[in-house]
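# Sequence and predicted structure, then a few things I'm wondering about:
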Amino acid sequence: MGDLITMDDLTNEEILQVLDNARRLLPVAKGEAYLPLLQGKVLGNLFFENSTRTRMSFETAMKRLGGEVLNLSSIGSSVAKGETLYDTMQMVDGYADIAVIRHPNQGAAQYSADAVEIPVLNGGDGAGNHPTQTMLDLFTIREAHGSLKDLNVMMVGDLRYGRTTHSLSHALVRFGAKITLVSPDSLRMPEEIVSDLKKHGGDINETEEMSSAIDSADVIYMTRIQKERFPDEDEYIKVAGIYKLTKDDLSGAKAEMIVMHPLPRVNELHASVDSTRHARYFQQAFNGVPTRMALLCRSLGVKIPKKVKK
Amino acid sequence: MTEMRRVTAICNGTAIDHIPSGHALQVLKMLRLDVGRSNPISMVMNAPSGKMGRKDVLKIEDRELNQEELDRLALIAPKASVAIIRNYHVAEKRTIELGSELINIVRCSFSNCITKNSREPLPHKLKIISAEPMEIRCSYCGKNQDINEIVDFII
């Protein structure tokens, strides 16, 4: 019940509730207040694939709320000896109260959730979903625009393998967003996702060209072309570096438009954007802490007080 | 029913009529009747049909297919009609039902799905998103399955 595998696991109302809770927890996330809501609880942080932000922000979130964290990575564990995910999860079920899993195989999070009793949060499964990233993205967007309603959002880059855009687009269409998908033909958003978005009434426009949509955007969501997801390096070379957003590209942008990026970035987002009022990606990465705090509490059935004292 | 007489009536067993033309072999594969079985099977392919234009028909002797087996057919022959024959008479008519989930019937075809590791013990699960047009998705990885190739992934 407390699982979060795809954005379908949360209603719009629940999304807004988590975002409200995340905002209340901001002082705790910043270390300005101590609120040991999760004291005595243990988080299993299971990372079968590299991660900086997801892993660290979950760990910080748990610790700032007084909880403990167990870390497991595929290197140095029995996973390297060929243990099945099912068996590994049985261990975690015994050692932890809640688990976050990142795995290179798509479907691994749902599989893990089916294998255990404790709640499982999907920290990214292959090119599948990354709902906790989506929640922090939504938090960032709502903090900037005051609402999630009817926004004009542009997603740029690797939309085929980029799981963050898969989950985020699902969530945004439910709030009436107009989405422009910008990618080379070989990295277009998977057909089943586009068809789902349209079924949910999404206003979706697909293009290969970035510049014409910038001026009307409320959010530009850049993503990295992920070398590690290409089966063939030649295919990667063909599209690497195809999009580069610089400060100059933003001269006609709306004043309140924000530029986001799930990070890490390579060449697609130039450092010149960092100093503009639009840059929001480092803030976005921090927002992972309060948002994941709120998600951990939700999954563990822990109520967040209406007011958090500094 | 003249086309049914292209093969002799069977004494006991199962007759499957109104299989989409050209799909009888796939149906046999789906029912796991294509290998290692001793039951006699008669097959008619591309027979004229008032309802379908052309159709295939199968008669499997001395074997009454159960509902679970028949429901597998929903994937490729959802409108097939099934009769259980006893002593040359139709003893029972069965309908094929497409449930909401296929458990351990077909494996996901996506190369990066977690279920590709054959040592993982949880059942293969595919969700029926829509019956017409047929849309089936892996319950774990969420990938849509190619209906034309699904027969290759039968467990």
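That came through, no problem. Numbering: from 1, shown residues only, chains lettered A, B, ... in the order given.

# Please state the offset of the least confident helix or strand in chain B by mean pLDDT from the chain centre?
Sorting the helices and strands of chain B by mean pLDDT, DSSP states H and E puts helix B:67-72 at the bottom, at a mean of 84. Taking the mean of its C-alpha atoms, helix B:67-72 sits 7 Å from the chain's own mean (C-alpha atoms, centre = their mean, to the nearest Å).

# Dump that helix to CSV, keeping only the CA atoms.
The C-alpha trace of helix B:67-72 is given here as CSV (Å, rounded to 0.1, in the frame of the first residue of the first chain):
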residue,chain,number,x,y,z
GLN,B,67,-11.0,-23.2,-19.2
GLU,B,68,-7.5,-22.1,-18.2
GLU,B,69,-6.1,-23.6,-21.4
LEU,B,70,-8.8,-22.1,-23.5
ASP,B,71,-8.4,-18.6,-22.0
ARG,B,72,-4.9,-18.6,-23.5
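
# Tell me the helix or strand right after that helix.
strand B:81-86 (DSSP states H and E).

# roughly how far apart are residue B:72 and chain A?
22 Å (C-beta to the nearest C-beta, to the nearest Å). C-beta here means a position set from N, CA and C on the backbone, and glycine is covered the same way.

# now that residue, nearest residue through space, not along the chain?
Nearest non-adjacent residue to residue B:72, counting by C-beta to C-beta, 6 or more residues apart in numbering or on different chains: residue B:30, 5.1 Å away.

# Hmm, that neighbour is touching residue B:75, no?
Yes - here residue B:30 lies in contact with residue B:75, judged by C-beta atoms under 8 Å, at a distance of 7.0 Å.

# what's the nearest residue to residue 55 if we skip its chain neighbours?
Because you didn't say which chain, this covers chain A. The shortest distance from residue A:55 to any non-neighbouring residue, by C-beta to C-beta, 6+ apart, is to residue A:47 (5.4 Å).

# My question was about chain B, not that one.
Nearest to residue B:55 is residue B:49, by C-beta to C-beta, 6+ apart, at 4.0 Å.

# With residue A:36 instead?
The spatial neighbour of residue A:36 that comes closest, neighbours along the chain excluded (C-beta to C-beta, 6+ apart), is residue A:66 at 2.8 Å.

# Can you report how many residues neighbour that neighbour?
Residue A:66 has 15 neighbours, counted by other C-beta atoms under 10 Å in any protein chain shown.

# For residue A:10, give me its contacts.
By C-beta atoms under 8 Å, 6 or more residues apart in numbering or on different chains, the contact list for residue A:10 reads A:4, A:18, A:131.

# Just put the residues you listed in JSON lines and tack on secondary structure and distance to residue A:277.
Formatted as JSON lines, the contacts of residue A:10 follow (DSSP: H, G, I helix; E, B strand; the rest coil; distance: C-beta to C-beta, whole Å):
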{"residue": "A:4", "secondary structure": "strand", "distance to residue A:277": "32"}
{"residue": "A:18", "secondary structure": "helix", "distance to residue A:277": "27"}
{"residue": "A:131", "secondary structure": "helix", "distance to residue A:277": "29"}
